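Undergrad: Generate a structure from the sequence data that follows.
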Amino acid sequence: MMNFFILFCVHGASAVIHSLRYFYTASSEIPALPEFVDMGMVNDQVISHYDSITKKKVPKQSWMEKVFEQQYWDDTTENLRGAEKVFKANIQTAQKRFNHTGGMHLNQDMYGCTWDDETGFTEGFHQMGYDGEDLLTFDLKTATWTASVPQALHSKMKWEMDPSSIEMEKLYLTQECILWLKKYLDCGKTTLQRKVPPSVSLLQKTPSSPVTCHATGFYPSGVKVFWQKDGHKQHEDVEYGETLHNDDGTFQKSAHLRVTPEEWKNNKYQCVVQVTGIKEDSIKVLTESEIQTNWGTNDPNTVGPAPIIGVAVALLAVVVVVGVVIWKKKSKKGWEERKTSFYCHM
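TA: Residues are numbered from 1 along each chain as shown. Model prediction:
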């Protein structure tokens, strides 16, 4: 019988891709939800928050609070107060265009950029929607807006007739956004650029249940969790879970293998976990001694450590599940960081 262990093998380490994203969410007649919320995220970590109740942008990471001067928070708060007014007005306009007389509605604007450690700029994006349906998407290559529904055609044509608006869009997504992303990565490097290997467990509810390979506690979020049979990647009878946040800012992900005891006892099954930026793979071999289970306990629904979904995910769920939303007027205050000092007070 083999003892519990994790093997480490070296694989071709892929470059880390960093991202900066902002989510503007406006709502009408939705209880317990502010009429306007902004959330800033770097590498899937919430770094800042603003809502129409507090009317103040605040840091959500300790390094953000320590390294940025008060002028930064004052300037971005002023910009977001302007965006709040625009979004509240646009909900009414959106309702008219969709022939909605009232009720609960949700608008969202998501924009940002990504940066590859090796190749540099990779992507700039700006998407809008209404009530969970795609509305408008900016195509950076063609410098045009794509309208997903007829109600968005008016905004598409209006914005494309304004060359300065298009140029400002391109400038932010390809240059200003990247400058800010690099600044955040530098100021918060101990958090945002750390590399943490995963803890891997094999879990099973009953002898006839799938065997779950659960990887948790890793950072950054880029990860591959997969099963191998006799050294070859197993595609059949495998189901993959989503990458989820943990309360401490790390991540977790699972892969479920449906296999009989006879199969895994007669063949070599192993789970492989690869985290972006970490050269060593974490490999756990499927043996009887490796499986953590609750067979014979009084609670058949709990196996091993329960997944922990952090506060960041709870907020992100409110923002993301409804789809990418709203269309908003273009103005010099449309980007919350525009005209804000790049100085990072260490």
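Undergrad: Next one: Trp115 from Met41, what distance?
TA: 14 Å (C-beta to C-beta, to the nearest Å). No exception for glycine: its C-beta is placed from N, CA and C like everyone else's.
Undergrad: Correction: the previous question concerned Ser282.
TA: For Ser282, the distance to Met41 - C-beta to C-beta - is 26 Å.
Undergrad: And for Asp162?
TA: Separation of Asp162 from Met41 (C-beta to C-beta): 29 Å.
Undergrad: so Glu123 is in which element?
TA: Per DSSP states H and E: Glu123 is located in strand 120-130.
Undergrad: any residues touching that strand, and which ones?
TA: Outside strand 120-130, the residues within contact range by C-beta atoms under 8 Å, 6 or more residues apart in numbering are 17, 94, 98, 105-116, 134-138, 140, 148, 151-152, 169-170, 172-174, 177-178, 322-328.
Undergrad: Neighbouring strands of it in the sheet, and parallel or not?
TA: strand 105-116 (antiparallel), strand 133-139 (antiparallel) (DSSP bridges).
Undergrad: quick one, helices of the protein?
TA: With helices called from DSSP state H, the chain shows them at 62-67, 70-97, 153-160, 163-171, 177-187, 189-192, 261-266, 311-320.
Undergrad: The fourth one vs helix 177-187, what angle?
TA: What separates the directions of helix 163-171 and helix 177-187 is an angle of 30 degrees, with axes from the mean of the first three to the mean of the last three C-alpha atoms, to 10 degrees.
Undergrad: so how many other residues sit close to Ala152?
TA: Neighbour count for Ala152, taken as other C-beta atoms under 10 Å: 23.
Undergrad: Kindly report the same for Ala15.
TA: By other C-beta under 10 Å, 14 other residues sit near Ala15.
Undergrad: and the gap between the closest residue to it other than its chain neighbours and Asp230?
TA: Excluding the flanking residues, the one nearest Ala15 by C-beta to C-beta, 6 or more residues apart in numbering is Glu118, at 4.0 Å. For Glu118, the distance to Asp230 equals 34 Å [C-beta to C-beta].
Undergrad: Output the helices of the chain as a markdown table; include the columns distance to Phe36, mean neighbour count and mean pLDDT.
TA: Listed next are the helices of the chain as a markdown table, based on distance: least, C-beta to C-beta, whole Å; neighbours: other C-beta atoms under 10 Å; pLDDT from 0 to 100:
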| stretch | distance to Phe36 | mean neighbour count | mean pLDDT |
| --- | --- | --- | --- |
| helix 62-67 | 21 | 15 | 91 |
| helix 70-97 | 4 | 18 | 93 |
| helix 153-160 | 19 | 15 | 94 |
| helix 163-171 | 22 | 14 | 95 |
| helix 177-187 | 21 | 19 | 95 |
| helix 189-192 | 27 | 15 | 91 |
| helix 261-266 | 53 | 12 | 93 |
| helix 311-320 | 12 | 16 | 36 |
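Undergrad: of the ones you listed, which approaches Thr276 most closely?
TA: Relative to Thr276, the nearest member of the helices of the chain by C-beta to C-beta is helix 189-192, separated by 13.3 Å.
Undergrad: C-alpha coordinates for the closest one, CSV please?
TA: Extracted in CSV, the C-alpha atoms of helix 189-192 (Å, rounded to 0.1, in the frame of the first residue of the first chain):
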residue,chain,number,x,y,z
LYS,A,189,3.7,43.2,-5.8
THR,A,190,3.9,41.3,-2.6
THR,A,191,0.3,40.3,-3.0
LEU,A,192,-0.4,40.5,-6.8
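Undergrad: How about residues contacting that helix?
TA: 18, 42-43, 45, 61, 63, 184-185, 249.
Undergrad: Looking at those, which is nearest Leu202?
TA: Within the set of these, Gly249 lies nearest Leu202; the separation is 24.9 Å, counting by C-beta to C-beta.
Undergrad: Tell me how many other residues surround that closest one.
TA: When neighbours are counted by other C-beta under 10 Å, Gly249 registers 18.
Undergrad: That one and Thr190: what is the separation?
TA: According to C-beta to C-beta, Gly249 stands 12 Å off from Thr190.
Undergrad: Now do the end-to-end distance for stretch 141-159.
TA: End-to-end distance for stretch 141-159, by C-alpha to C-alpha, to the nearest Å: 16 Å.
Undergrad: From the chain's centroid, how far away is it?
TA: For stretch 141-159, the separation from the chain centroid amounts to 26 Å (computed by C-alpha atoms, centre = their mean, to the nearest Å).
Undergrad: what do you get for stretch 17-34?
TA: Centre-to-centre, stretch 17-34 and its host chain are 13 Å apart (C-alpha atoms, centre = their mean).
Undergrad: Same check on stretch 68-86?
TA: Centroid separation between stretch 68-86 and its chain, computed with C-alpha atoms, centre = their mean, is 23 Å.
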